[in-house]
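> next comes the sequence, and after it the predicted model I'd like to discuss.
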Amino acid sequence: MWRNSIRCLLPFLALAYFPGAEAKISLGEAGKLTFSLSVVAKGCEFEAADLEVVMGKMMLMKPVTVGRVINEKNFVIELKDCDGISKAKVTMDGLPDTNDNSLFALDAGGATE
C-alpha cells in the first residue's frame, strides 16, 4: 500500500520539481491540495493481549447531565519492549452519538434517556 501511494505521488512531485513540465489540462476551479504523511516506527507492545475494565453497575437516582463524571474507574495499560520510547499516546475510537457528535454513541438497547 505504501509503495502504491508513492507511485501515485511521483507524477505530482515531478511536476513540482520540473516547472516547465506542467500539463495544460483544466481540472476545474483552483483549490487547495494538502498531502499529509505520518511515519510511525515500531512501538511498544501490550503486556496482555486484552484489557477489560469492569465498570460495575450503578443505579442513578436522578438524570445525569453531559460532562458529569460518575463511577470513575482507574486502570493501567502495561506495555513491554519500549526501549528508547519516552512517551505514548492513546486514542479512543467509536461511533458518534446522533444528538451530540462529541460523545460516543451507546450500544443499541442501552439506557439513552
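Arrived safely. Numbers count the residues shown, from 1 in each chain.
> where do the helices sit along the protein?
2-17 (DSSP state H).
> please read off the pLDDT at residue 96 from the model.
At residue 96, the pLDDT value in this model is 86.
> which ones are touching it?
Counting by C-beta atoms under 8 Å, 6 or more residues apart in numbering, residue 96 touches 102, 103, 104, 105. No exception for glycine: its C-beta is placed from N, CA and C like everyone else's.
> what about it, distance to residue 59?
Residue 96 is 27 Å from residue 59, where distance means C-beta to C-beta, to the nearest Å.
> got it, and residue 69?
Separation of residue 69 from residue 59 (C-beta to C-beta) stands at 17 Å.
> lowest confidence element among the helices and strands of the chain?
Each helix and strand of the chain was given a mean pLDDT (mean pLDDT, DSSP states H and E); the minimum falls on helix 2-17 at a mean of 47.
> where does the prediction get shaky in the protein?
1-41, 107-113 (pLDDT under 70).
> all strands for it, in order.
45-46, 79-80 (DSSP state E).
> switch those strands over to CSV; also include distance to residue 86 and mean neighbour count.
Output for the strands of the chain, formatted as CSV (distance: least, C-beta to C-beta, whole Å; neighbours: other C-beta atoms under 10 Å):
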stretch, distance to residue 86, mean neighbour count
strand 45-46, 16, 11
strand 79-80, 12, 12
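> and the ones you listed: which comes nearest residue 89?
Shortest separation from residue 89 across the strands of the chain is recorded for strand 79-80, at 11.9 Å, computed as C-beta to C-beta.
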